[in-house]
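Student: need a structure here:
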Amino acid sequence: MPSVLRQCSSRQQLPTGFVPATQLCNTPRVVSSRKCSSRQAVATLSPVLEPLRAPARETQYAENSIVAFSKPRRWDEQEQPPTVPLYVSLCDEVCAACQRQPEAVRAGLKALHCLGVWGIVVPVWWGQVEAEPGRYDWQPYESVFQVARELGLRVQVAFCFHGDERHRLPGWVLQAGQQCPDVFFTDRAGHRNKECLSIGVDHVPALAGRSALQAYTDLLEDFCNNFSQLLGSVVTDADIGLGPNGELRYPSTPSDTCWDFPGVGEFQCYDSFMVASLSAAAQQVGQPHWGNSGPHDAGSYRQWPHQTGFFHHQGSWDSEYGRFFLQWYSSMLLQHAEDVLAGAGRVLKPHGVRLHARLPTIHWWYNQAAHAAELAAGLYNTGSRNGYLAFCQVLARHGASLVLTGGEMRDCEQPSYALASPETLLLQLRATAASQHVPVTLCNLSGRFDSDALAELERKGFDSSCYRGIDVGHVNALVFNSMSDAMFEPHNWLGFKDWAGRVRDHNAATAAEQQLRSTRRANSTVPVHSATPIISRPAQEAGNGVVQVQQQQQVERESALV
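Tutor: This is a model prediction of the structure:
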C-alpha cells in the first residue's frame with residue numbers, strides 16, 4: 001500500500017496542507033486544513049467542482065487540500081465525455097490496498113474525480129488471475145471496479161498477457177516451458193525470454209492442451225461472465241496485451257542485464273516454431289538456405305548499428321535477403337495482432353467494450369537510415385519505408401484504438417549519440433493512425449510530475465500539427481501513469497492538480513470551438529428561391545446607363561461608315 005495512504009489511515013504527522021484521507025471518508029463536505037467561508041470556497045474551487053457539485057451545496061475548501069469532495073457522477077448517468085477524456089492508471093499497490101483499506105483508496109479516487117478525471121486504467125495480470133489452468137480469481141479487481149462504479153469513473157482494463165520484473169507468467173505456463181522450452185522467444189545464443197510466450201505457439205496446443213490464443217480468449221470470456229453487469233457502462237474499454245509490456249513487438253531489449261541503452265537488441269526468432277515458419281517462407285521464395293536462421297551479422301544486444309554488418313548504413317538490411325527476412329519477421333507480428341484482436345473482438349465487442357492495442361515508441365536510432373532498434377523489435381520502419389502503416393490497417397479492420405507511450409519525452413532530453421527522436425517518431429505514428437482513421441490514446445512513459453514533462457504531454461495531446469501532408473489533430477484520450485505513492489506527495493499533487501485544470505480548460509475551449517463551427521455551418525445555409533441572380537436597384541440602374549452609352553456609340557460608328 002502506498003506510504004501516503006498508510007499515513008492517512010494511521011493519522012501520523014503529515015506535511016502542512018495535507019488532509020488525511022481517512023478523516024474525509026464519511027463526510028459529504030470538503031475538509032480543509034484551515035477554515036474559510038463558503039463564499040471564499042466557491043471562488044477558490046469553482047473551476048474544479050462547478051461541473052460536479054450540487055447547486056445548493058455549500059463547500060468548504062482550502063487551496064492546498066489533497067482531497068476535495070463533491071457530488072459523485074453516477075455510473076449509469078448518460079454523461080457526454082469530454083473531447084479528450086483524462087484517465088489515470090493505477091499501480092499494483094493501489095489495487096491491493098483497495099481490498100484491505102478501501103476507504104483510503106476511495107478518498108484518492110474521489111480526489112481524482114474532483115479534478116475532472118474521467119476514468120482509471122486497471123492492469124489485469126494473467127499470472128495473478130489464472131493460477132491454475134482454466135480457474136480464474138477476479139477477487140482482487142472486484143473492489144476496484146465497485147469503487148469506480150460508485151464514483152462514476154469509467155474503467156479501462158489492461159489485459160497483461162506478459163510478465164515483468166515484478167510479475168511472472170502463470171506458474172503452470174512456466175512449467176509448460178520447462179517441458180517445451182520453445183514456447184518462449186529465443187535469441188541466437190539460445191537464451192529464453194520468459195516475459196511472454198512466443199507468437200510461434202499462437203496455434204500450437206502447448207499449454208495444458210490449449211494454444212496461446214485459446215488461453216487468451218478463455219480468460220477474456222471468463223472476465224465477461226464475471227463482470228457482465230459492468231460491461232459497457234463501467235468497464236467501457238479494454239487494452240489487449242500483444243507482447244512485452246503489452247506492446248506489439250518482440251522482446252529484443254530484455255529487462256535483465258543483457259541489454260543497455262542504446263543497444264540495438266537482438267532478433268528473437270530462434271525457437272523451433274519460429275524457425276519452422278522462417279524455413280517455410282524461404283521455401284516459398286525459392287531460397288531455402290535463407291530459412292536456416294536469422295541474420296548472422298546482426299550483432300549482440302549492447303552493440304550499436306555501426307558495429308554490426310547488418311544494421312550499419314551500408315549493411316545487408318537493405319539487401320534482397322535483408323528485405324525478405326525483415327518482411328517475414330514483421331509479418332509474424334501482424335498475423336499475431338490479427339488473431340488476438342479478432343478473438344478479443346468476438347468476446348468483448350458484443351458487450352459494448354471498445355478495443356485498444358499498443359505500439360511501442362522505440363525512438364533510439366530513429367535518425368539512422370536502418371532504424372536499427374525498431375527492426376530488431378519487428379517494426380519494419382526505415383528512413384524510406386513506413387512500417388507502421390500495416391499495423392494501423394490491422395487496428396482499423398478490428399475497430400481498435402492505438403495506445404502510444406512517451407508523450408512527455410522531448411528530443412532535447414536524449415543523448416546525441418543515440419540518434420533518437422521520440423517527438424518525430426510519435427508524430428509519424430499519429431499521422432499514420434490518422435490516415436487510417438484510427439483513434440489515438442496518448443500516455444506518459446514514466447511517472448514524472450515536473451512542469452516540463454506535464455507541459456509536453458499537454459502540448460502533444462491538444463496541439464495540431466502536420467506530418468508529410470497529413471494533418472494531425474488532438475488525441476482521443478490522455479492517460480497519466482500512474483496513481484501511486486509519488487502522486488500524493490504535496491508538491492507533486494499540486495502540480496498534477498494544475499495540469500488537470502489545464503486539460504479541463506483545453507476541453508472546454510475545444511467544445512466551445514466545435515459548437516461555434518456547428519452554429520456557423522447551420523447559419524450559412526441560405527435557401528435558393530430562383531435561378532435568377534439578385535441585383536440591387538443601384539447596380540441595375542448603373543448597368544442600364546452603361547448599355548445606353550454603348551448603344552449610342554454603336555449608332556455613331558455605323559453613321560460614320562455610311
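Student: element containing Gln268, please.
Tutor: Gln268 belongs to no helix or strand when assigned by DSSP states H and E.
Student: doesn't Ser252 make contact with it?
Tutor: Yes. Look at Gln268 against Ser252 with C-beta atoms under 8 Å: they come within range, at 6.0 Å. Where you see a C-beta, it was placed from the backbone N, CA and C, and this is true even at glycine.
Student: so the spatially closest residue to His162 that is not a sequence neighbour versus Tyr380, what's the distance?
Tutor: Nearest non-adjacent residue to His162, counting by C-beta to C-beta, 6 or more residues apart in numbering: Cys196, 4.0 Å away. Using C-beta to C-beta, to the nearest Å, one gets 20 Å for the distance from Cys196 to Tyr380.
Student: now swap in Pro133 and tell me
Tutor: Per C-beta to C-beta, Pro133 is found 36 Å from Tyr380.
Student: looking at these two, which one has more neighbours?
Tutor: Between Pro133 and Tyr380, counted using other C-beta atoms under 10 Å, the more crowded position is Tyr380 (25 against 15).
Student: can you map out the strands along the stretch 301-450 of the chain?
Tutor: Along the stretch 301-450 of the chain, counting by DSSP state E, counting those that start in this stretch, strands occupy 354-358, 400-404, 440-443.
Student: would you format those strands as CSV with distance to Gln287 and mean neighbour count included?
Tutor: Formatted as CSV, the strands of the stretch 301-450 of the chain follow (distance: least, C-beta to C-beta, whole Å; neighbours: other C-beta atoms under 10 Å):
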stretch, distance to Gln287, mean neighbour count
strand 354-358, 33, 22
strand 400-404, 35, 23
strand 440-443, 39, 24
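Student: need the ones you listed in JSON lines with mean pLDDT and distance to Pro82, can you?
Tutor: Below are the strands of the stretch 301-450 of the chain laid out as JSON lines (pLDDT from 0 to 100; distance: least, C-beta to C-beta, whole Å):
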{"stretch": "strand 354-358", "mean pLDDT": "98", "distance to Pro82": "16"}
{"stretch": "strand 400-404", "mean pLDDT": "98", "distance to Pro82": "16"}
{"stretch": "strand 440-443", "mean pLDDT": "98", "distance to Pro82": "14"}
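Student: closest to Tyr366 out of those strands?
Tutor: strand 400-404 (14.3 Å; C-beta to C-beta).
Student: what strands line up against the closest one, and which way round?
Tutor: If you go by DSSP bridges, strand 400-404 pairs up with strand 354-358 (parallel), strand 440-443 (parallel).
Student: as TSV, those with distance to Ala215 would be great.
Tutor: Listed next are the strands paired with strand 400-404 as TSV, based on distance: least, C-beta to C-beta, whole Å:
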stretch	distance to Ala215
strand 354-358	18
strand 440-443	26
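Student: of all the ones you listed, which one is nearest Gln101?
Tutor: Of all those, strand 440-443 comes closest under C-beta to C-beta, at 27.5 Å.
Student: after that closest one, next one along is what?
Tutor: Helices and strands here follow DSSP H and E; after strand 440-443, the next one along the chain is helix 451-462.
Student: so, low pLDDT: which residues of the stretch 1-150 of the chain?
Tutor: Applying pLDDT under 70 to the stretch 1-150 of the chain flags residues 1-79.
Student: now the helices for the stretch 151-300 of the chain?
Tutor: In the stretch 151-300 of the chain, the helices defined using DSSP state H, counting those that start in this stretch lie at 171-179, 212-226, 272-284.
Student: just put the ones you listed in a markdown table and tack on distance to Gly469 and mean neighbour count.
Tutor: As requested, the helices of the stretch 151-300 of the chain are exported to a markdown table (distance: least, C-beta to C-beta, whole Å; neighbours: other C-beta under 10 Å):
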| stretch | distance to Gly469 | mean neighbour count |
| --- | --- | --- |
| helix 171-179 | 46 | 15 |
| helix 212-226 | 38 | 19 |
| helix 272-284 | 34 | 17 |
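Student: quick one: closest of those to Tyr321.
Tutor: Among the helices of the stretch 151-300 of the chain, the nearest to Tyr321 by C-beta to C-beta is helix 272-284 (9.6 Å).
Student: contact partners for the residue nearest to Pro288 when sequence neighbours are not counted?
Tutor: Spatial nearest neighbour of Pro288, excluding adjacent residues (C-beta to C-beta, 6+ apart): Ala282 at 5.4 Å. Counting by C-beta atoms under 8 Å, 6 or more residues apart in numbering, Ala282 touches Pro288, His289, Trp290, Gly291, Phe324.
Student: just Gly383 next, same as before
Tutor: By C-beta under 8 Å, 6+ apart, the residues touching Gly383 are Gln368, Ala369, Ala370, His371.
Student: likewise Asp339?
Tutor: Neighbouring residues of Asp339 by C-beta under 8 Å, 6+ apart: Asp202, His203, Leu213.
Student: now swap in Tyr136 and tell me
Tutor: Val129, Glu130, Leu219, Asp222, Phe223, Asn226.
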